[in-house]
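Asks: fold the following for me, if possible:
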Amino acid sequence: MNRWKLWTANASQERLIARFGTGRLVHCDGTRYELHGGNDWDFAAAQEWVAHFLHEAIIDRPFTPRG
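Replies: Here you go, the predicted structure:
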C-alpha cells in the first residue's frame, strides 16, 4: 500500500464548520464537534451560534495542558 493510502486510512476526518476569532469549529469523525484554538470569548460565540443554527450539536474543547 502506498504512503497516501496509509495516511488517509489513519487520518481523522475533520470538516470545518465555522470560524470564531482564532477558533475553528470542526466536525470530527462524523460524531463530535470541537472548537480548536480560540479563547473563552470565541468559545462563547461558538456556543451562541450553535444554539441558533446547529442546535443538535454539543461543542467539546480538546484537552490542552496549561503550563
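Asks: and the helix or strand hosting L16, what's buried?
Replies: Assigned by DSSP states H and E, L16 falls within strand 14-20. Buried positions in strand 14-20, judged by neighbour count with 16 or more other Cβ atoms under 10 Å: I17, F20. The way it works is simple: take the backbone N, C-alpha and C, and place the C-beta from them, glycine included.
Asks: need the residues that contact that strand.
Replies: 24-29, 33, 35, 38, 42-43, 45-46, 49, 54 (Cβ atoms under 8 Å, 6 or more residues apart in numbering).
Asks: just those residues: which are in helices?
Replies: The helices, defined by DSSP state H, take in D42, F43, A45, A46, W49 from the contacts of strand 14-20.
Asks: nearest residue to the last one other than its sequence neighbours?
Replies: Yep, that's W49 we're talking about. In space, W49 comes closest to A18 once its chain neighbours are excluded; the distance is 6.4 Å by Cβ to Cβ, 6 or more residues apart in numbering.
Asks: partners of D60 in the sheet?
Replies: Counting by DSSP bridges, D60 forms beta bridges with E34.
Asks: and it, what's its pLDDT?
Replies: Model confidence at D60, given as pLDDT, is 86.
Asks: does Q13 touch G30 like I think?
Replies: Yes. The pair Q13 and G30 qualifies as a contact (Cβ atoms under 8 Å) at a distance of 6.7 Å.
Asks: neighbour count: the two, which is higher?
Replies: When Q13 and G30 are compared for neighbours, Q13 comes out ahead with 10 against 7, by other Cβ atoms under 10 Å.
Asks: which ones are touching the more buried one?
Replies: Applying Cβ under 8 Å, 6+ apart, the residues near Q13 are C28, D29, G30.
Asks: so which of those residues comes closest to D60?
Replies: C28 (8.5 Å; Cβ to Cβ).
Asks: ok, that closest one - how many residues close by?
Replies: Neighbours around C28, by other Cβ under 10 Å: 15.
Asks: state the distance from it to W41.
Replies: 22 Å (Cβ to Cβ, to the nearest Å).
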